[in-house]
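Asker: what shape does this take:
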Amino acid sequence: MAVTTIPLPKGKGSVPAAVADGKEAPAAHVYVLYFQGNASSIPPRLPDTSWVLRAVSDSTAVNLAPLQLTFVCLSYRGFWTSRGRPSERGLRIDAEAGVQWIAELHESKFGNGDRGPVPVPILLVWGQSIGSGVATNLAATGRLPATMPIKGLILETPFLSVRAMLETLYPQKWLP
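Answerer: The predicted structure follows:
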């Protein structure tokens, strides 16, 4: 798993000094849970995800400040440094565990309201290629903490079906 958190100091509004210094919670905290494609691992994909951080941080279209953004790039079983063999059930469990981890991170960082206002958690799920299937399955059927509902789904190079994917990869039409 690769994790990074950045404050978004730009936008139309200004970030109060206490938020920028980490002494005060931002109004909202966006979490992006990223699922990689089949023939990839997290490190080579980081440049492809970093443009999102820059685009959001540099945006002047809406008042984003004060806001924080945490990217969680999950490497499910059998991918990158994760052990095990991938399976549909295993990928679903890993995706649900990723959301649970984010919910626990949010609570450990900001508390449950006993230390002051808690930033609104905004969970976006981003899947690339086969990761689109993992992201869609999580959004459709995942067991999610009540405090961490999915607010958006980003699908990058998704496939409509396994058959359509195979026909695209193997245009010779030798598949039944």
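
Asker: quickly list what V72 is bridged to.
Answerer: V3, L33 (DSSP bridges).

Asker: what's the burial count for it?
Answerer: Each residue near V72 was counted by other CB atoms under 10 Å, and the total is 20. For every residue, glycine as well, the C-beta is placed using N, CA and C.

Asker: how about the one 4 residues further on?
Answerer: Y76 is flanked by 23 other residues according to other CB under 10 Å.

Asker: with D48 instead?
Answerer: Quick note: D48 (other CB under 10 Å) scores 12 neighbours.

Asker: SS state for it?
Answerer: For D48, the secondary-structure state derived from DSSP: H, G, I helix; E, B strand; the rest coil is helix.

Asker: list the residues that contact it.
Answerer: Residues in contact with D48 (CB atoms under 8 Å, 6 or more residues apart in numbering) are Q128.

Asker: angles on the backbone of S132, please.
Answerer: phi -60, psi -40 (degrees, to the nearest 10).

Asker: what about the strands in the chain?
Answerer: Assigned by DSSP state E, the chain shows strands spanning 2-7, 28-35, 67-74, 120-128, 150-156.

Asker: mind putting those into JSON lines with distance to R143 and mean pLDDT?
Answerer: Shown next, in JSON lines, are those (distance: least, CB to CB, whole Å; pLDDT from 0 to 100):
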{"stretch": "strand 2-7", "distance to R143": "22", "mean pLDDT": "75"}
{"stretch": "strand 28-35", "distance to R143": "14", "mean pLDDT": "89"}
{"stretch": "strand 67-74", "distance to R143": "16", "mean pLDDT": "84"}
{"stretch": "strand 120-128", "distance to R143": "14", "mean pLDDT": "90"}
{"stretch": "strand 150-156", "distance to R143": "12", "mean pLDDT": "91"}
